[in-house]
Structure formats: structure tokens, C-alpha cells
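>>> okay, sequence plus prediction incoming.
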Amino acid sequence: MPVTIEIPTAFRRFTDGLPRVDCSAGTIADALNDLTARFPALSRHIRDDQGQIRQFLNVYLNEEDIRFLGGESCALRDGDRVMLVPSIAGG
């Protein structure tokens, strides 16, 4: 069973409308790299110019913020769910 990446509505225009993308990955970094390799236009919305996850993007593994799980090096298991949640700012 693969890992499922949940795509937020705002990013679906870059994934051909797909709400979820399955991949085989060992870490969060691998999953994000696989996702952006498959959908290159999504890359600039996930990573900044230094290759880091953008500050406005929160990444969750099975509903836990990856910042508290070891960041991008966090290991994945079959059946895990990775959620991308962009922050919304207003004023």
C-alpha cells in the first residue's frame, strides 16, 4: 500500500485536479520530491529558492505536524497520509 498525499484545493490546478496522489516514498522529503517531479508546476508552491518547505505551507503526517516528528526526514510507512495545508493570511 502506498503513501497518500492529500492535495489542497488551491494546489489541485497543478495536479490535473487530483485531490490525492499516491507514491512510494521512505521519507517526507522523498514524497515531496516525487510529487514535484510528477507535477513540476507545483514545486514553487512547496519549496522556496533554497529548497526548503515554504513557510506558509504546513505538512502533516497522519494529522501530526512534521515539525514535531523530525521534519522532512520523518520516515513513512505504507498507508500513511501526508497532508499539505497552506496557511491563509488576510487583513
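Received, thanks.
>>> which helix runs longest in this structure?
Ranked by residue count and defined by DSSP state H, the top helix of the chain is helix 28-38.
>>> can you give me the helices in this structure?
28-38, 43-46.
>>> thinking again about what came up before, what residues of the longest helix of the chain count as buried?
Within helix 28-38, the residues scored as buried using 16 or more other CB atoms under 10 Å are 28-36. All C-beta spots, glycine's among them, are computed from the backbone N, C-alpha and C.
>>> same question for stretch 57-76.
Neighbour-count burial for stretch 57-76, counted by 16+ other CB under 10 Å, picks out 57, 59-61, 66, 69, 72, 74, 76.
>>> looking at it now, give me its mean pLDDT.
Stretch 57-76 carries an average pLDDT of 96.
>>> if we can go back for a sec, okay, the buried residues of helix 28-38 in a markdown table with pLDDT and distance to residue 49 next?
Shown next, in a markdown table, are the buried residues of helix 28-38 (pLDDT from 0 to 100; distance: CB to CB, whole Å):
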| residue | pLDDT | distance to residue 49 |
| --- | --- | --- |
| 28 | 97 | 20 |
| 29 | 97 | 17 |
| 30 | 97 | 21 |
| 31 | 97 | 21 |
| 32 | 97 | 16 |
| 33 | 97 | 16 |
| 34 | 97 | 21 |
| 35 | 97 | 18 |
| 36 | 97 | 14 |
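>>> export those residues to a markdown table and tack on distance to residue 22?
Compiled in a markdown table, the buried residues of helix 28-38 are given as follows (distance: CB to CB, whole Å):
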| residue | distance to residue 22 |
| --- | --- |
| 28 | 15 |
| 29 | 17 |
| 30 | 13 |
| 31 | 10 |
| 32 | 14 |
| 33 | 15 |
| 34 | 10 |
| 35 | 10 |
| 36 | 15 |
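>>> how about residue 73, what does it touch?
27-29 (CB atoms under 8 Å, 6 or more residues apart in numbering).
>>> nope, residue 47 is what I meant
32, 36, 53-54.
>>> just flag the most distant two among the residues you listed.
The span of the contacts of residue 47, defined through CB to CB, is set by 36 and 54 at 12.0 Å.
>>> can you list residues touching both of these two?
Common neighbours of residue 36 and residue 54, counting by CB under 8 Å, 6+ apart, are 46-47.
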